[in-house]
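**Student:** have a look at this prediction, sequence included:
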Amino acid sequence: MAFSAFSLCLVALAVVLLLVRRWPWCSCHVCRAYLTGSWSKDFTNLGDWYAHLLRESPTGTVHVHVLGCTVTANPANVEYMLKTNFDNFPKGKTFAALLGDLLGGGIFNVDGDAWRHQRKMASLELGSVAVRSYAFKIIAQEVESRLMPLLAGAADAGEVVDLQDVFRRFAFDTICKISFGLDPGCLEKEMPMSKLADAFDTATRLCAMRGAAASPLLWKMKRLLNVGSERELRNAIKLVDELAAAMIRERRKLGVANSHDLLSRFMASAGDVDVDDKYLRDIVVSFLLAGRDTVSSALTTLFMLLSKNPAVAAAMRAETAGDEGSTPVITYEHLKGLHYTHAVLYENMRMFPPVQFDSKFCAAADVLPDGTYVSGGARVMYHPYAMGRMPSIWGADHGVFRPERWLTGAGGTFVPESLYRYPVFQAGLRVCLGKELAITEMKAVAVAVVRAFDVEVVGESGSAACAPKFVSGLTASVSGGLPVRIRRARNN
């Protein structure tokens, strides 16, 4: 009890010090709204509030002084940070500290030579024809043998299912097979829980809470005392470490020769050099973060939007149909030719990017292209979620789900936007290496499901006027899941 009382006193002291240090010197409406949470009276999500502030700003940039952060939705600033002056905007030590317990020295959490080495390795593997072929085969098998039977069973039984949970399980099974050659079987009929998936969810949520804290002193104090959310985070990461180590041991036992999963190829590329288990552990966790949460997030919001826009689902179904109503086999080449479906995916992620914001740190004092001064060591955040809601980028109909904005010409050919205006996959030197693989996976799922089923979101989430509420996390997930009723499509 004495220790608990001492811990509470220290936390209270940290809060007092924070307020003394910050509050009198920042009485602007933005910082007061952030500290008091008053923004939530008018906005569903923090991202919606940021989007409002950035739309109101003449430069598309605002300061949140209490966080020591500059937030921007200005494409010129994004290009400057991610390309023009890339070296001056690293992830930074502060970001590495926030996620270091979970991501370690993985590619998403490092700068400099460590980042360049891992990126070169990942680029070689993900660009390999053998790996892409191997990955597509796994995706197609998972869709056919697990996802579709599960949805068909729900349709025949008239059950309401949480589609977000289904997609998270699907994406987890798929990324584990592609990355590690191992099958956790989360999407089996019994829907078994995965200790790794559960611990990973907890860890990502709590790491995101660190970043939202008004001062790092708060979470660092709790970590030092091993109390509250930091104790929960430590336990979750311990379980992630144990299960990642078991994966690595199993992969070594099975051997890496002639294996196409990414972990085997990373291990084989080292040749006779002993690869450090910590290095491999960080790769495992990075692959999980990149390959599961982002894909499941995008698929969840996609079907939420299709439920509210049945004409778009009908157009997708028409595009995927063959001659005289036949049903072509889903192949990699077939998917590449689906321009309207591609546009639907991009429009979905414009409105609901899986990663809603990304932070860099300004190494040396700099001036952004819009004239914003950024001091050395300050945090700079570019905000894809807000950028998708900027009339200066997308026009007056930025709030409308309109896939046609991505299509040009008589044949309706998909034409991508500049990645600096649409940084959903980042841009510049850190552009996502798994982008094509992720798009292929989402397309394969979207085509298969839309062909066979009508998906109706039920409850409050199904209201056309209802905006989804997102849970705090490194990637976007809908609070309360996405309950849906599935019916076999009328033409089946």
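**Tutor:** In hand now; what should we look at? Nothing here was measured: the structure is a model prediction, and the numbers come from that model. Numbering: from 1, shown residues only.
**Student:** how about Phe414, phi and psi?
**Tutor:** Main-chain dihedrals, Phe414, degrees, to the nearest 10: phi -70, psi 130.
**Student:** that one: how many residues sit nearby?
**Tutor:** Counted with other C-beta atoms under 10 Å, the neighbours of Phe414 add up to 18. (C-beta placed from N, C-alpha, C; glycine too.)
**Student:** centre of the chain to the helix or strand hosting Met349, how far?
**Tutor:** If you go by DSSP states H and E, Met349 is part of helix 339-351. Remark: helix 339-351 is offset 16 Å from the chain centroid, using C-alpha atoms, centre = their mean, to the nearest Å.
**Student:** elements contacting that helix?
**Tutor:** Using 3 or more C-beta pairs under 8 Å, 6 or more residues apart in numbering; DSSP states H and E as the contact test, the elements touching helix 339-351 are helix 294-308, helix 310-320, strand 407-408, strand 413-414, helix 435-452.
**Student:** residues in contact with Val71?
**Tutor:** Neighbour list for Val71: 50, 53-54, 61-64, 357, 380-383, 386 [criterion: C-beta atoms under 8 Å, 6 or more residues apart in numbering].
**Student:** the closest residue to Val295 other than its chain neighbours is in what secondary structure piece?
**Tutor:** Leaving aside its sequence neighbours, Val295 sits nearest to Ala171 (C-beta to C-beta, 6 or more residues apart in numbering; 4.4 Å). Ala171 belongs to helix 163-180 when assigned by DSSP H and E.
**Student:** same question for Arg281.
**Tutor:** According to DSSP H and E, Arg281 maps onto helix 277-288.
**Student:** who touches that helix?
**Tutor:** 102-109, 118, 172, 175-176, 179-180, 196, 200, 240-241, 244-245, 247-248, 262-263, 266-267.
**Student:** repeat that for stretch 134-146.
**Tutor:** 170, 173-174, 177-178, 187-188, 260-261, 330, 332, 437, 440-441, 444-445, 448.
**Student:** if I look at Tyr80, how far off is Phe86?
**Tutor:** Distance from Tyr80 to Phe86, counting by C-beta to C-beta, to the nearest Å: 9 Å.
**Student:** should've said Phe172
**Tutor:** 33 Å.
**Student:** those two: which is more packed in?
**Tutor:** The neighbour comparison of Phe172 against Phe86 (other C-beta under 10 Å) goes to Phe172, with 24 against 14.
**Student:** who touches that one in this structure?
**Tutor:** 184, 186, 194, 197, 288, 292, 296.
**Student:** redo that, cut-off 6 Å
**Tutor:** 186, 197, 292 (C-beta atoms under 6 Å, 6 or more residues apart in numbering).
**Student:** just give me the closest of those residues to Phe43.
**Tutor:** Arg292 (28.1 Å; C-beta to C-beta).
**Student:** which SS class is that closest one?
**Tutor:** Secondary structure, DSSP: H, G, I helix; E, B strand; the rest coil: Arg292 is helix.
**Student:** coming back round to it: can you tell me which of the contacts of stretch 134-146 are buried?
**Tutor:** Buried members of these, counted by 16 or more other C-beta atoms under 10 Å: 170, 173-174, 177-178, 187, 260-261, 330, 332, 437, 440-441, 444-445, 448.
**Student:** by pLDDT, rank these and give me the bottom one.
**Tutor:** Within the set of those, pLDDT is lowest for His260 (79).
**Student:** and the closest residue to that one other than its chain neighbours, backbone torsions?
**Tutor:** Once flanking residues are discounted, His260 sits nearest to Tyr134: 3.9 Å by C-beta to C-beta, 6+ apart. The phi/psi pair for Tyr134 (degrees, to the nearest 10) reads phi -60, psi -40.
**Student:** so how far is Thr204 from Tyr134?
**Tutor:** Separation of Tyr134 from Thr204 (C-beta to C-beta) stands at 27 Å.
**Student:** what does Val449 give?
**Tutor:** Look at Val449 and Thr204: by C-beta to C-beta, they are 26 Å apart.
**Student:** and what of Thr301?
**Tutor:** Where Thr204 is concerned, Thr301 sits at a distance of 18 Å (C-beta to C-beta).
**Student:** between these two, which is the more surrounded one?
**Tutor:** Higher neighbour count among Thr301 and Thr204: Thr204, with 25 against 22, using other C-beta under 10 Å.
**Student:** give the full set of residues in contact with the more buried one.
**Tutor:** Thr204 neighbours (C-beta under 6 Å, 6+ apart): 473-474.
**Student:** can you do 8 Å?
**Tutor:** Residues near Thr204 by C-beta under 8 Å, 6+ apart: 102, 289, 293, 473-475.
**Student:** what residue ranges in the stretch 351-492 of the chain score low on pLDDT?
**Tutor:** Counting by pLDDT under 70, the stretch 351-492 of the chain has low-confidence residues at 461-466, 491-492.
**Student:** as a check, name the ranges of all helices in it.
**Tutor:** 384-387, 391-394, 435-452 (DSSP state H, counting those that start in this stretch).
**Student:** TSV for these, including distance to Val424?
**Tutor:** Output for those, formatted as TSV (distance: least, C-beta to C-beta, whole Å):
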stretch	distance to Val424
helix 384-387	5
helix 391-394	13
helix 435-452	9
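**Student:** so which of the ones you listed is nearest His342?
**Tutor:** So among the helices of the stretch 351-492 of the chain, helix 435-452 is nearest, using C-beta to C-beta, at 7.1 Å.
**Student:** who does the closest one touch, helix- and strand-wise?
**Tutor:** helix 129-142, helix 148-157, helix 163-180, helix 294-308, helix 310-320, helix 332-336, helix 339-351.
**Student:** out of those helices, the one nearest Ala114 is which?
**Tutor:** Nearest to Ala114 among the helices and strands packed on helix 435-452 is helix 163-180; the distance by C-beta to C-beta comes to 19.7 Å.
**Student:** quick one: buried residues of the next helix or strand after the closest one?
**Tutor:** Next along the chain after helix 163-180, taking DSSP H and E as the criterion, comes helix 195-212. Buried residues in helix 195-212, counted by 16+ other C-beta under 10 Å: 196-197, 199-211.
**Student:** what is the nearest of these to Met316?
**Tutor:** When the buried residues of helix 195-212 are compared for distance to Met316 (C-beta to C-beta), Ala197 wins out at 29.3 Å.
**Student:** is it true that that closest one touches Leu187?
**Tutor:** No. With contact defined as C-beta atoms under 8 Å, Ala197 does not reach Leu187; the gap is 11.2 Å.
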